[in-house]
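Engineer: only geometry, no sequence info:
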């Protein structure tokens, strides 16, 4: 099982697979894919600000049907407890997304170097 960061989900939905290195594409094919519900909320913010063309729910529901992407169901209180320790960022999206993966001790696929510098289970295969 591997968590996906928001930009990975957006690229998968848009079909921009060339933005994903071959190693990342290979990893995606062999893992159960899951997101923090915060990814869906961030996608919604991007939609509302005109940076994407589809609402978050549309993106996530489509990828659920196409590739089996699922939303993590950890209790929110448990996620917030893990997020309290993520004091390396003021970005609430990154803070909760990392906390969700950390709470389950699972990898997070992200291109974001800051996240990779602070969460040792964050990965990106160039």
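Structural biologist: Received, thanks. Worth saying up front: this structure is predicted, and the values here are computed from it rather than measured.
Engineer: what's the next secondary structure element after the lowest-mean-pLDDT helix or strand in the chain?
Structural biologist: One helix or strand of the chain scores below all others by mean pLDDT, DSSP states H and E: helix 22-29, with a mean of 91. Later in the chain than helix 22-29, the nearest helix or strand by DSSP states H and E is strand 33-35.
Engineer: before we move on, the earlier item: which parts of the least confident helix or strand of the chain are buried?
Structural biologist: Burial within helix 22-29, assessed by neighbour count using 16 or more other CB atoms under 10 Å, is assigned to 24, 27, 28. Bear in mind the C-beta positions are built from the backbone N, C-alpha and C, glycine included.
Engineer: Quick check: of those residues, which lies closest to residue 88?
Structural biologist: residue 24 (23.5 Å; CB to CB).
Engineer: which intervals of the protein have sub-threshold pLDDT?
Structural biologist: Along the chain, segments meeting pLDDT under 70 are nowhere present.
Engineer: Tell me the one of the buried residues of helix 22-29 nearest residue 37?
Structural biologist: Set against residue 37, the nearest of the buried residues of helix 22-29 by CB to CB is residue 28 (19.9 Å).
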